[in-house]
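Asks: sequence-free structure coming up:
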Ligand SMILES: CC(=O)N[C@@H](C)C(=O)N[C@@H](C)C(=O)N[C@@H](C)C(=O)O
C-alpha cells in the first residue's frame, strides 16, 4: 500500500498543541492540566482540562480566546484556582469543582502569577509585579491603563528583561488573598524581586526567594526566606552564597528542599543541585554535591519556551527524600533524591519529562512528556507495578497524516578527544544510494541541551529533503559540570571544533553530500553560526536567528549583558575589550562569503536587534555575498518557541526558502 502520509509543513504549527502543568487532585482520582493550542485566528489559547483517572474522561473546565495557566487544587480538593487573562491582565480565578462558574479574586495592576494554596484552603499566595508605590487593590474594579511617561529615569542596571520588558520601576512582590473576603495582604515590598515558594504545613510561614542584597545589580545571589504570614520578623535560611529557587516544606514542616547552585564562579555555567535546610538546626546542606547531573529540565525544543513551571522538589510522605526532574545525555526524567544523597531513577527513557505531579498515597504520578516524535502528552505511571499508561494523544489526529523522521543517535570525537553526543535526522522518504544536503543545527544557551524532544524545525527540514545534524557541544547540559563550563572564556574555540567534528563525522556517510551543507542556530547558536561563516566557506548557506555578533555592544544592551559576558567571555569593555572583540564574529566579517539570512525580533532584550543590524550593515556594505535581514516587529527572544504563531511560521518558511535557494 502506498504511503499516503506527507511531510510536516511550517503551517502545521497552527495545529500542534501540548499539555503542561499536570496537577493530581488530593484524592488521586483526577488531574487538571493546561492544554495550549492555536485557534482559527492563529492565536494561542490555553485552557484548563480535567482528566478522570477513574473513567478516563477529559473535560474542558475553561474555554474561549484566553490564556489560562497554573491550575492548583485546594488542599481538600473541593476547589481549583488558576491564572487567566480573561479580564485583561493575568489574574487569579477561583472555581468550585462542583460548579461551572468561576470568579476573579485578584486585580493586580500588572497581573499576577504562581498561586499556592494555604494548608487550610482559605487563602492563596501569589506573585505580582508592582511599580514603586503601587499597591494591590482589592476587589476587581476596572484597571486604568497607565499613560506613557514623558521621560524615564533609569537608576539601576537590571532595568529591563526580555520576559517582562522595562522593569526600571517594577518589582515582583508576594501577597496573600483571602478567598472568602477577597482581602489582600502584601507580604513583601521594596526594590527587590520576590518569588513564591510554599506554605509551612501549619500555615504560619511562607517560604519565598528574593535577591535582597545591598546592590542587586552586582550581587546576583538569590536567597530563601521564611516570611510570617501574620507579620513579624523574616527568617533568612541561606547565606547569600548562591542562587536558590522553589523552596518546598517537608510534610512535618521541619525541612525545606530547594533547587540552586553556589554562585561562587558561575551564574549560568553551573548545574543546579538539590539543597535541604534543617530549620530547627539552622543548617543547609547540598544533597547532590556528588551527583554530576543537572537538576531540572535542560532540554531545548521549539514547541514551548524553556523554564516551563515544573514542580521543583516534591517531598515523599515520610520526608526521607524528594522527587525531581533531572537532565542527562539528551533525556530528562524523574529521580528520587534520598536524604543521604543517593539517587534513584524513577522514570527514565529517551524522552523529555517536562512536568509531573505525584500521588504519595498511591505511589503513582502523572507526567508531561515529549519525545522526538511527540510534541507533548500526559502519561500515568504506577510505580508499584512500574507500568505506564498514556492518558492523552493531543496531536494524534494531525500526526496520522504526517510522516516524521526518527533521529539516530551518534557519539563522535570532539576537540581534545572528548566524546560528544548528537543525533542525525535523515530526510523523510530517505532512500539508500541517494545523497542529500545536510544542515547543522546549533542550540543556544549555550547551557541547554538538545535531545529527545520534538523539534518542529528539524522535522520540517527533514521533510524538505535535508539531513539534519544536531549535537551537544561543550557548554551543554547533560554531561557534567566540567562539560558545562568548558566553553567559558573560549567561545569559538573548542566548542566550534566540537561542532566541526560533527560535520566531519556525518560527511563520512555516503548519503551526505558534503558540497551541500547549511548551518543554522539561535542566540548562542546564532553567535556560533556567525563565527562559523567567519572561518571560511565550508557551508553553502547560513541562517542566524536572534544572534550575537559583537560582545562589546552586547555587554551594554542585553538585559543580562554585563554579567553574562563577564562569565561566558570573561571580559568587559573597560578591562579587556580586546578579548570581547576577539570573540566577536563581527571581527570576521572580511572573511564572510556565505549567503546569510539574518532574523531577529525587534523587541528582543536578551540579544537586542542591534546585533543583527551591525552584522547586516557590514555584510551589505562589503557586498561579497547575499545577505537578507528579516525583522519581526514586537517579537522578543522567545519568538521561535512561544511568540506570535504567524511570525513563527514565517520564520520557518524563510529558513526553508533560504536553504532551498542556496544549498
Ligand atoms: C536559559 C539560558 O540560556 N538563558 C540565558 C543564559 C540566555 O538566554 N542565553 C542566550 C544567549 C541564549 O543562547 N538563549 C537560548 C536559550 C536561545 O535559544 O535563545
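Replies: Received it, and whenever you're ready, just let me know what you need. Source: prediction; values computed, not measured.

Asks: Can you tell me the SS state at the residue in the stretch 1-150 of the chain that the ligand sits nearest to?
Replies: Nearest to the ligand in the stretch 1-150 of the chain, going by CB to the nearest ligand atom, is residue 13, at a distance of 17.3 Å. In short, each C-beta sits where N, CA and C put it, glycine included. The three-state label given to residue 13 by DSSP: H, G, I helix; E, B strand; the rest coil is helix.

Asks: and the nearest residue to it once chain neighbours are set aside, what helix or strand is that in?
Replies: Nearest residue to residue 13 in three dimensions, chain neighbours excluded: residue 649, at 5.4 Å (CB to CB, 6 or more residues apart in numbering). Assigned by DSSP states H and E, residue 649 belongs to helix 645-662.

Asks: tell me what that helix is packed against?
Replies: Judged by 3 or more CB pairs under 8 Å, 6 or more residues apart in numbering; DSSP states H and E, helix 645-662 is in contact with helix 456-463, strand 512-522, strand 541-545, strand 596-601, strand 627-632, helix 639-642.

Asks: Mind checking these for the one nearest to residue 557?
Replies: Smallest distance to residue 557 across these (CB to CB): 12.6 Å, for strand 596-601.

Asks: Could you spell out the sheet neighbours of the closest one, each with its direction?
Replies: Looking at strand 596-601 with DSSP bridges, its partner strands are strand 541-545 (parallel), strand 627-632 (parallel).

Asks: Minimum distance to residue 62: which of those has it?
Replies: Closest approach to residue 62 among the strands paired with strand 596-601 is made by strand 627-632 (29.6 Å; CB to CB).

Asks: Which stretches in the stretch 101-250 of the chain count as strands?
Replies: Listed in chain order, the strands of the stretch 101-250 of the chain (DSSP state E, counting those that start in this stretch) span residues 102-104, 112-117, 123-131, 160-161, 165-166, 170-178, 184-186, 194-199, 205-210, 223-228, 235-236, 242-249.

Asks: any chance of those in JSON lines, plus mean pLDDT, mean neighbour count and distance to residue 352?
Replies: Putting the strands of the stretch 101-250 of the chain into JSON lines (pLDDT from 0 to 100; neighbours: other CB atoms under 10 Å; distance: least, CB to CB, whole Å) gives the following:
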{"stretch": "strand 102-104", "mean pLDDT": "92", "mean neighbour count": "16", "distance to residue 352": "32"}
{"stretch": "strand 112-117", "mean pLDDT": "97", "mean neighbour count": "22", "distance to residue 352": "23"}
{"stretch": "strand 123-131", "mean pLDDT": "96", "mean neighbour count": "23", "distance to residue 352": "27"}
{"stretch": "strand 160-161", "mean pLDDT": "95", "mean neighbour count": "17", "distance to residue 352": "26"}
{"stretch": "strand 165-166", "mean pLDDT": "90", "mean neighbour count": "14", "distance to residue 352": "29"}
{"stretch": "strand 170-178", "mean pLDDT": "95", "mean neighbour count": "22", "distance to residue 352": "28"}
{"stretch": "strand 184-186", "mean pLDDT": "95", "mean neighbour count": "16", "distance to residue 352": "38"}
{"stretch": "strand 194-199", "mean pLDDT": "97", "mean neighbour count": "24", "distance to residue 352": "24"}
{"stretch": "strand 205-210", "mean pLDDT": "98", "mean neighbour count": "24", "distance to residue 352": "26"}
{"stretch": "strand 223-228", "mean pLDDT": "98", "mean neighbour count": "20", "distance to residue 352": "28"}
{"stretch": "strand 235-236", "mean pLDDT": "98", "mean neighbour count": "14", "distance to residue 352": "36"}
{"stretch": "strand 242-249", "mean pLDDT": "96", "mean neighbour count": "23", "distance to residue 352": "19"}
